[in-house]
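**Student:** got a predicted structure plus its sequence, pasted below:
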Amino acid sequence: MPRLTTQAEENNPKRKGYDFRIDNQLYRSAIGSGREMTIQSSEVQDAGVNVRQNPEDFTSNLGRIYSRNDFSGGSNLDSAHKANGKPDDVRRFWDSQGVDVFNTDLGKGYNVQLLHTTEKGQALSSAVNHMAVVGTRIYVSDDETLYKSDDGGNTWGTVTEGLTAGYQIKGLATHGDLLYITANNGSAGEIETLTSGGTSTQKMSAAIYDKIFSVKGQFLVTIGSSIHSYDGATTVGSAIITLPSGQSFTDVTDAGAVVLATATDGRIYSIKDVSGTFTAKGQTEISGEQPTCIVESQGIVFYGTKEVQTGTKVIGRLYRATLTVAEDLFILTQNQLIKQWDVDSQDNSPNALFTTRDSVYIGVKETASTSFLWRYYLPTSGIARYYKASAGGAVHNIVSVNEKFLFTVSSDGVYKQTSTYEQEGFLIAPPADFFTAENKQFVEASLEVEALSDSNTVELHLSNKYESINDSTDSTWDLEVNVLSGVGEEAVQLQRVARYVVAKVVLKSPNQINSPKFKAFKVRALARPELIVIQIPVNISDRVERPYRKPILVKNLGETIYQSLKEKEGAAITLELYDPAEIVRGVVEKISYPIQSNPNVGSVTQYAILTVRGTRQTTFSQVTSGNVPGVNGFGIMRFG
């Protein structure tokens, strides 16, 4: 029984009349009139009307559309097209800075605008700062100095209070029209009240009073590692909760049924008003983290934590939870991580939370020179970067007066929202690949904006590098669409081939008087055929024809060839054609039955049609020696 020649037995199979190989076995073709070999790209299936990810884009145009016209779902979505996606993903993005993605003007359509800038209103030198609002008057402390502002933070003046010289202000709390102040020097302390008219009265001086909180018409004060009730006059009760030595309470909030207090021992304590007496009613342990701040909004509890690392690095996190009562104990359940800040060599711990009717704000130092307020939007459960302070420090206080935000940056100052807009802001959308790992041909892109004025512009930058989402200044961002006037919507032709496309929208307002309003972006792509189909007529006769030699007959050779082909049907193979030079990795899709050709004079050729579907691989030129650098590494070498 004849056998097939293998690649190892022939250094130059083409010279011996072989036309291709399958894995290590060599074959001759039967190409001729009516028996042509074909190499063609596999057909690409058109998606037709694509509504899987973007229901707003009904199109019968060729290709697929990636677009977004709503970003109110918040940041931190790292892939637009993924198998476990959620319905709300079509409203989410990866990152933003300097733009407002949540606000919608009442009675007007949704758009993205630039945020207002902030400016330093009052310099602060101490890392210990506290802020309180009595009516519309704002108080802020700086070590032992107290400042006030009666015009929303535009101007500030020093307040004359009756604190003992050398006492550092440790806490401020509001009760009616009174400001309560706690202060100490490490060995003695006092509690003082200050009226709107400037009258100062010392209330207590029996202990080293630290923080003070106004809750449920009463007060809580901390003394060392203990927390006590205080009646606002001359009585401080016994300790409600005493922490282990060296630990302290960090924040307190009224959560409705109970008061919640965070502490450095990694617990959140519940304190209930039982017949006018504050009583401990349970605790929730936050494993491995220290709760730093807490607030309640619309029945949801939000709290920040920090996880201290070696060196100067501190990881910050924001959680949401639900207050649950079990056997008369109040604990937090359904704890859910909202956002984590993790930057090397930075203290990213959150230290202040502030709530409005629809949002929760948290302050975080992100770099050595920038701190931000982040906004968690309750209607969509989305979070995004918000107001920026051009100073790197912990944000310990956040308030809102006259519809403007003010917050303190430790050892720097009080920052307040202005009426001018940021000069520039960006929004980075999640990378899109249309649920396929194949390369796509991106053919056009467009932007939609509201009519531009005052030299405002909106730009669309694209990148095909997935990791570019982590750096808004990455070198792979290319400006593709620049809308200078009108409302955009003019498609720009693209010449991009890649698996991913990442979009960055940049809003610019040179004069900062008003903001451009961005509505939507769109990128269209067509799938590129990566599979090819090769059909080869294979000689399965007993007749062996070789270049420059007489044909010979090998009995049963055709049957042997045919049986070897049948064994490969449906199998993964490597096909190499010698002319034209092609290497394809794929599967043998089918083998046709032998076909008797129309016999020419002297010809008894039989052939079968071999169909292979797969992907092209890199081909290498023939070389005369294996001593060429890298050739033996590729494993493809020929002589002659």
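**Tutor:** Right, received. Where do you want to start? Numbers count the residues shown, from 1 in each chain.
**Student:** now the helices for the protein?
**Tutor:** With helices called from DSSP state H, the chain shows them at 557-567, 631-634.
**Student:** low pLDDT regions in this structure?
**Tutor:** 1, 43-62, 104-107, 594-605, 619-640 (pLDDT under 70).
**Student:** centroid residue for it?
**Tutor:** Taking CA atoms, centre = their mean as the criterion, Asn76 is the residue nearest the geometric centre of the chain, at 2.8 Å.
**Student:** ok, that one touching Ile383?
**Tutor:** Yes - contact criterion CB atoms under 8 Å: Asn76 and Ile383 qualify, at 7.2 Å. (Glycine included, C-beta is placed from N, CA and C.)
**Student:** return every residue with contacts to both of these two.
**Tutor:** Jointly contacting Asn76 and Ile383 under the rule CB atoms under 8 Å, 6 or more residues apart in numbering are Lys339.
**Student:** quick one: contacts for Glu448?
**Tutor:** 69, 487-489, 518-522.
**Student:** now, the residues you listed that are in strands?
**Tutor:** 518-522 (DSSP state E).
**Student:** sorry, back to before: who wins on neighbours among the contacts of Glu448?
**Tutor:** For the contacts of Glu448, the largest number of neighbours (other CB atoms under 10 Å) sits with Phe518, at 28 neighbours.
**Student:** against Ser275, how distant is that residue?
**Tutor:** Here Phe518 is placed at a distance of 56 Å from Ser275 (CB to CB, to the nearest Å).
**Student:** and Asp95, bridged to which residues?
**Tutor:** Ile428 (DSSP bridges).
**Student:** next: Tyr269.
**Tutor:** Ala261, Gln283.
**Student:** any idea which of the helices of the chain is most buried?
**Tutor:** helix 557-567 (a mean of 17; mean count of other CB atoms under 10 Å).
**Student:** from the contacts of Glu448, which is closest to Asp100?
**Tutor:** Closest approach to Asp100 among those (CB to CB): Phe518, at 10.7 Å.
**Student:** let me see the contact set for that closest one.
**Tutor:** Contacts of Phe518 (CB under 8 Å, 6+ apart): 99, 111-113, 427, 447-449, 458, 505, 507.
**Student:** name the nearest residue to it, ignoring sequence neighbours.
**Tutor:** Val112 (4.5 Å; CB to CB, 6 or more residues apart in numbering).
**Student:** hang on, the one you found packs against Asn103?
**Tutor:** No - because the distance of 9.2 Å does not satisfy CB under 8 Å, Val112 is recorded as not touching Asn103.
**Student:** so these two - more neighbours on which side?
**Tutor:** Comparing Val112 with Asn103 by other CB under 10 Å, the one with more neighbours is Val112, at 27 against 16.
**Student:** what sits against the more buried one?
**Tutor:** Contacts of Val112 (CB under 8 Å, 6+ apart): 71, 99-101, 427, 505, 507, 517-519.
**Student:** ok, now Asn154?
**Tutor:** 121, 416.
**Student:** could you redo the last one with a cut-off of 7 Å?
**Tutor:** Gly121 (CB atoms under 7 Å, 6 or more residues apart in numbering).
**Student:** may I see the buried residues of stretch 27-40?
**Tutor:** 27-30, 35, 37 (16 or more other CB atoms under 10 Å).
**Student:** and those, which two are furthest apart?
**Tutor:** Tyr27 and Arg35 (14.4 Å).
**Student:** could you check how far Val159 is from Gly425?
**Tutor:** 37 Å.
**Student:** look at the two and report which has more neighbours.
**Tutor:** Gly425 (25 against 18).
**Student:** from what I can see the more buried one touches Gly98, true?
**Tutor:** Yes - Gly425 is within contact range of Gly98, at 2.7 Å (criterion: CB atoms under 7 Å).
**Student:** tell me how many other residues surround Ile540.
**Tutor:** With other CB under 10 Å as criterion, Ile540 counts 25.
**Student:** what's near enough to touch it?
**Tutor:** Neighbours of Ile540 in contact, by CB under 7 Å, 6+ apart: 558, 561-562, 594, 606-608.
**Student:** again, 6 Å this time
**Tutor:** Counting by CB atoms under 6 Å, 6 or more residues apart in numbering, Ile540 touches 558, 561-562, 594, 606, 608.
**Student:** could you do Pro13 as well?
**Tutor:** Leu26.
**Student:** before we move on, back to that, do you know how far the residue nearest to the centre of the chain is from Val501?
**Tutor:** Taken as CB to CB, the span from Asn76 to Val501 is 19 Å.
**Student:** cool, Glu424 as well?
**Tutor:** 22 Å.
**Student:** quick one, which of those two is more surrounded?
**Tutor:** Val501 (23 against 17).
**Student:** could you give the bridge partners of that one?
**Tutor:** With DSSP bridges as the criterion, Val501 is bridged to Ala432.
**Student:** got it, and the one 4 residues further on?
**Tutor:** Beta-bridge pairing for Val505 (DSSP bridges): Leu427, Leu460.
**Student:** around Thr158, count how many other residues there are.
**Tutor:** Here the number of neighbours of Thr158 (other CB under 10 Å) works out to 10.
**Student:** swap that for Glu438, please
**Tutor:** Neighbour number of Glu438 under other CB under 10 Å is 14.
**Student:** one more: Arg267?
**Tutor:** Arg267 has 17 neighbouring residues, counting by other CB under 10 Å.
**Student:** thought it was touching Ser287?
**Tutor:** No - Arg267 is not in contact with Ser287 according to CB atoms under 6 Å; the separation is 10.0 Å.
**Student:** residues in contact with the spatially closest residue to Lys306 that is not a sequence neighbour?
**Tutor:** Take Lys306 and drop its neighbours on the chain: the residue closest to it by CB to CB, 6+ apart is Ser349, 3.4 Å away. By CB under 6 Å, 6+ apart, the residues touching Ser349 are 292, 306, 314, 316.
**Student:** so which of those residues sit within strands?
**Tutor:** Counting by DSSP E, the contacts of Ser349 contribute 292, 306, 314, 316 to strands.
**Student:** separation between Gly288 and Ser275?
**Tutor:** 37 Å.
**Student:** which one's more surrounded, those two?
**Tutor:** Gly288 (8 against 5).
**Student:** what's the neighbour count on the residue nearest to the more buried one when sequence neighbours are not counted?
**Tutor:** Nearest-residue entry for Gly288: Glu307, 6.4 Å, with adjacent residues in sequence omitted and distances by CB to CB, 6+ apart. Close neighbours of Glu307, defined as other CB under 10 Å, add up to 17.
**Student:** wait, doesn't Glu307 sit right on Ile315?
**Tutor:** Yes - Glu307 lies in contact with Ile315 (CB under 6 Å); the separation is 4.3 Å.
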